[in-house]
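> Only the shape, not the letters, is given here:
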C-alpha cells in the first residue's frame, strides 16, 4: 500500500481533484472518518456507507473506476482499529484475554446446563420408577392380603419418646424377661 492510501484525504487533495465524482467521494470519506456524515449514521465506515454519503452507486467503489478509493477507505478503517500506543496494546491484549476467558466460561456454562438437564431426566426416570414400584408394592400387598384370608395386620404406630419406659426389665425368674404390653 502506498502512503496516500494510508492517509485520510486532505483539504488540498480534495481541492486539487479534477474529477467531480472522485472529489465527491474524497469529501464523503473525510466526513465519514471525522464522524460528521450528512447522509448516513455517524460511525458507519464501509464502502456502502461511503457510496451513500457520496451519492454514487456502490459498484463504482467495489469494481468500477473508483475501486482504489473504496480500498483506501477500508485500509484507513483497518488502520484506525489497530492499537498504536503501548497502552492500547496492553488493553488490546487484556481484551483478547478476557474474550478467551468469556468463551471458556460460556463453554463451561453450556456444559453445566447440559449436565443439569441430564440429571433432571434421570430424576424424572427414577421418580417414575419409584411411583411404579410403589403401585406394584401396593398391588402385591393387596394380593398377599387376599391370599392370607383377608386379614390385615395392624399398622405399627411409633410411641412418643417421652412415653417409652427405658428402665431395665425386671426378671422374676432367672433367664426370663418382662414382656412389653
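Sure thing, it's come through. For clarity, every value in this text was computed on a predicted model and none was experimentally measured. Residues are numbered from 1 along each chain as shown.
> Centre-most residue in the chain?
Nearest to the geometric centre of the chain sits residue 106, at 5.3 Å (CA atoms, centre = their mean).
> does it belong to a helix or a strand, and which?
helix 86-147 (DSSP states H and E).
> what mean pLDDT does that helix have?
Helix 86-147 carries an average pLDDT of 93.
> Kindly report the same for stretch 34-41.
89.
> Now that stretch: buried residues?
Neighbour-count burial for stretch 34-41 flags 37, 40 (criterion: 16 or more other CB atoms under 10 Å). For glycine as for every other residue, the C-beta is placed from the backbone atoms N, C-alpha and C.
> What is the end-to-end distance of it?
Stretch 34-41 has an end-to-end distance of 12 Å (criterion: CA to CA, to the nearest Å).
> Give me the contacts around it.
28, 31-32, 42-44, 49, 52-53, 55 (CB atoms under 8 Å, 6 or more residues apart in numbering).
> Filter the residues you listed down to the ones in helices?
Taking DSSP state H as the definition of helices, the contacts of stretch 34-41 contribute 28, 31-32, 49, 52-53.
> which of these sit farthest apart?
31 and 52 (11.4 Å; CB to CB).
> the domain parsing of the protein - what is it?
3-80, 83-144 (automatic domain parsing).
> chain center to the longest one, what's the gap?
Translated: domain 3-80. Mean-position distance between domain 3-80 and its chain equals 38 Å (CA atoms, centre = their mean, to the nearest Å).
> Of the domains of the chain, flag the one that's most buried.
domain 3-80 (a mean of 16; mean count of other CB atoms under 10 Å).
> So among the ones in helices among the contacts of stretch 34-41, where is pLDDT lowest?
Among those, residue 32 has the lowest pLDDT, at 89.
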